[in-house]
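Student: all I have is the shape, not the residue letters:
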């Protein structure tokens, strides 16, 4: 029997303690971004502050998957769609936003280093770090790459990251972002 034949959908369904609003694994393109973005607005419509935060975090992390996933579908000659996983759940007065995708081991360590710097800064220091990163020339260590800083500022909590090695070339990078539901 293959791994997929042994997959326990019920165990997956009960994996998280709380209400799952969204669970998706697959390619991320503009159609998925639009559909899921609209769905987020729908299930958070009664909580405008949380809605704005969840939408901002979604756009930042989905864009990272679209552009930087080492696993992707080729759509057209020059267009690719990064593959990743996203889950949004709600429990204990918080939304939990999980995102993960395959990343090249060459690219992952600067991302982890940046997350560690982000988590060590308070809100005022994060804003200053964001300003400095924005002013770097594009392509330099972080120039124009302020998405994770914005995620931390938006959520107001540290980024929870995990790296799972896959092989010598790739690892699975996952991030959990916590957002107050009210």
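Tutor: Ah, there it is. Remember, predicted model here, so these are calculated numbers, not experimental data. Residues are numbered from 1 along each chain as shown.
Student: okay, CA-based contacts and neighbour counts for the rest of this
Tutor: Fine.
Student: can you pull the buried residues of stretch 63-76?
Tutor: 63, 64, 65, 66, 68, 69, 70, 71, 72 (16 or more other Cα atoms under 10 Å).
Student: my guess is the third one meets residue 73, correct?
Tutor: No - counting by Cα atoms under 8 Å, residue 65 sits too far from residue 73 to count as a contact (11.9 Å).
Student: helices and strands around the one helix or strand residue 53 maps to, which ones?
Tutor: Assigned by DSSP states H and E, residue 53 belongs to helix 48-68. Packing partners of helix 48-68 (3 or more Cα pairs under 8 Å, 6 or more residues apart in numbering; DSSP states H and E): helix 30-43, strand 80-91, strand 94-104, helix 147-155, strand 170-180.
Student: how about those, which one is nearest residue 6?
Tutor: Closest approach to residue 6 among those (Cα to Cα): strand 80-91, 20.0 Å.
Student: in the helix holding residue 53, which residues are buried?
Tutor: 50-66, 68.
Student: stretch 32-51 too?
Tutor: Those would be 33, 36, 37, 40, 41, 44, 50, 51, for stretch 32-51 by 16+ other Cα under 10 Å.
Student: how far is it from where the chain is centred?
Tutor: Relative to its chain's centre, stretch 32-51 lies at 16 Å (Cα atoms, centre = their mean, to the nearest Å).
Student: so which residues make contact with it?
Tutor: Contacting residues not belonging to stretch 32-51 are listed as 21, 54, 55, 58, 59, 62, 179, 180, 181, 182 [Cα atoms under 8 Å, 6 or more residues apart in numbering].
Student: please apply the same query to stretch 147-159.
Tutor: 53, 56-57, 60-61, 115, 118-119, 123, 126-127, 130, 175-180.
Student: follow-up on the earlier one: most tightly packed of the helices and strands packed on helix 48-68?
Tutor: Neighbour counts (mean count of other Cα atoms under 10 Å) averaged over each of the helices and strands packed on helix 48-68 peak at strand 94-104, with a mean of 22.
Student: give the next helix or strand downstream of that strand.
Tutor: Past strand 94-104, the next helix or strand by DSSP H and E is helix 105-120.
Student: what about this structure, any weak spots by pLDDT?
Tutor: Counting by pLDDT under 70, the ranges of the chain that qualify are 1-4, 16-18, 75, 77-78, 138-145.
Student: switch to 90 and redo it
Tutor: When residues are selected by pLDDT under 90, those of the chain lie in 1-23, 27-33, 43, 50, 63-82, 89-92, 107-111, 133-147, 181-182.
Student: would you mind measuring from residue 74 to residue 66?
Tutor: 12 Å (Cα to Cα, to the nearest Å).
Student: between those two, which contacts overlap?
Tutor: With Cα under 8 Å, 6+ apart, residue 74 and residue 66 have common neighbours 80, 81.
Student: which residues does stretch 66-86 contact?
Tutor: Contacts for stretch 66-86 (Cα under 8 Å, 6+ apart): 22-29, 65, 97-104, 170.
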